[in-house]
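In: Need a 3D model of the following:
(one chain, ligands or ions: 3)
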Amino acid sequence: MNNTTSGSGLPPRHISFDILRYNPQDPATAPRMQTYRIEDADSMTLFIALNEIREHQDPTLQFDFVCRAGICGSCAMMVNGRPQLACRTLTRNLPDVTTLAPLPFFELIGDLSVNTGKWMRGMSERLQTWVHTLEPAPDLRKIEARMNPDLAEQIYELDRCVECGCCVAACGTAQMRQDFVGAVGFGQIARFRLDPRDVRNDEDYYALIGDDTGVFGCMSLLACHDVCPKSLPLQTQIAFLRRKMAVA
Ligand code: SF4
Ligand code: F3S
Ligand code: FES
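Out: Ligands and ions are numbered 1, 2, ... in the order given. The predicted model follows:
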């Protein structure tokens with residue numbers, strides 16, 4: 001960036017990023033912090049800042065992105081200890097020095113890049129996150145039948161999850177047990193439980209999440225609710241599922 005002044009007419013601010021670097025594929029390397037300094041700019045996101053660093057200072061820096069619009073969930077990372085999406089984080093809201101680290105819990109690919117997809121796939125298969133019908137070849141007219149708009153809205157609300165992993169990275173229970181389904185898993189169960197096309201009942205859901213790897217492992221820490229970049233109603237859904245599963 002070659003700005004000599006910021007949009008306010010003041011000299012541009014310089015910001016530093018202390019980034020945890022580690023390549024688990026190279027046993028000769030050890031985790032280390034590396035500092036990069038750039039000039040801040042109006043409307044710059046953390047995603048843009050990282051691209052600038054990779055383009056002009058260090059092509060080896062690893063991080064993920066696809067959509068740049070808060071939709072794909074792939075750019076989640078720890079920003080000063082809090083999980084958030086790099087593409088939705090404005091650098092003007094960051095302090096002069098920001099620490100970046102990969103999301104904990106997920107398999108590290110390198111630097112800020114983690115394999116959330118692998119864990120999400122496993123969670124999805126385990127919780128069977130698809131509409132279950134009785135017929136092997138369901139009647140598509142029934143599947144596409146008009147749904148009550150309020151109910152459709154509630155389902156849509158939960159469908160906004162982008163599987164970024166922030167809720168799992170922030171959760172104390174998840175840090176202690178890899179088999180915990182996390183708030184993202186609870187959100188999925190809540191979504192299919194609402195769906196009138198799904199024939200599963202609460203006993204079926206109890207078999208999926210009625211133990212310490214599910215709702216009874218949740219300690220109501222609620223960090224998941226605080227960090228979800230899509231502001232999903234996780235607190236309400238988890239409390240509801242706990243009540244339902246306790247009587248299932
Ligand atoms: Fe991300 Fe929120 Fe979905 Fe968790 S529930 S994976 S924080 S969008
Ligand atoms: Fe974890 Fe959220 Fe429960 S942070 S302990 S899943 S309330
Ligand atoms: Fe897709 Fe950030 S790049 S959510």
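
In: what residue is smack in the middle of this protein?
Out: C164 (2.2 Å; Cα atoms, centre = their mean).

In: give the contact list for it.
Out: By Cβ atoms under 8 Å, 6 or more residues apart in numbering, the residues touching C164 are G73, S74, C75, A76, P83, L85, T116, P229. C-beta: built from backbone N, CA, C; applies to glycine.

In: wait, isn't the second one in contact with D64?
Out: Just to be clear, that refers to S74. Yes. Judged on Cβ atoms under 8 Å, S74 makes contact with D64 at a distance of 4.3 Å.

In: where does this protein come near ligand 3, residue by residue?
Out: Counting by Cβ under 6 Å from any ligand atom, the chain comes close to ligand 3 at F65, V66, C67, R68, G70, I71, C72, G73, S74, C75, L85, C87.

In: pretty sure the first one is in a helix, no?
Out: No. Applying DSSP: H, G, I helix; E, B strand; the rest coil, one finds F65 to be coil, outside a helix.

In: returning to what we had before: which of the residues of the chain next to ligand 3 count as buried?
Out: Neighbour counting by 16 or more other Cβ atoms under 10 Å classes F65, R68, C72, G73, S74, C75, L85, C87 among these as buried.

In: Could you identify the most distant pair in those?
Out: Greatest spatial distance in these: R68 and G73, 12.0 Å, computed using Cβ to Cβ.

In: hmm, back to that, looking at the contacts of C164, which one is closest to ligand 3?
Out: Among those, C75 lies closest to ligand 3 (Cβ to the nearest ligand atom), at 3.4 Å.

In: Could you tell me the end-to-end distance of stretch 169-188?
Out: 17 Å (Cα to Cα, to the nearest Å).

In: hmm, back to that, among the residues of the chain next to ligand 3, pick out the one closest to I109, please.
Out: Among these, S74 lies closest to I109 (Cβ to Cβ), at 11.2 Å.

In: distance of that closest one from E125?
Out: Distance of S74 to E125, given as Cβ to Cβ, to the nearest Å: 20 Å.

In: now G81
Out: In terms of Cβ to Cβ, G81 sits 31 Å off from E125.

In: can you check R197 too?
Out: Distance of R197 to E125, given as Cβ to Cβ: 20 Å.

In: Specify which residue of these two has the higher count of neighbours.
Out: R197 (14 against 10; other Cβ atoms under 10 Å).

In: neighbours of the closest residue in space to the more buried one that isn't next to it in sequence, just the number please.
Out: Counting by Cβ to Cβ, 6 or more residues apart in numbering, R197 lies nearest to V131, which is 5.0 Å off, once chain neighbours are set aside. By other Cβ under 10 Å, the residues close to V131 number 14.

In: Double-check that V131 belongs to a helix.
Out: No. V131 is assigned coil when assessed by three-state DSSP, not a helix.

In: Where does the prediction get shaky in this protein?
Out: Along the chain, segments meeting pLDDT under 70 span 1-8, 136-144.

In: could you redo the last one with a cut-off of 90?
Out: Residue ranges of the chain with pLDDT under 90: 1-12, 27-29, 133-147, 242, 244-248.

In: That one: helices as residue ranges?
Out: Secondary structure of the chain, counting by DSSP state H: helices at 46-56, 116-127, 140-143, 149-159, 166-169, 172-176, 182-194, 202-209, 223-227, 234-247.
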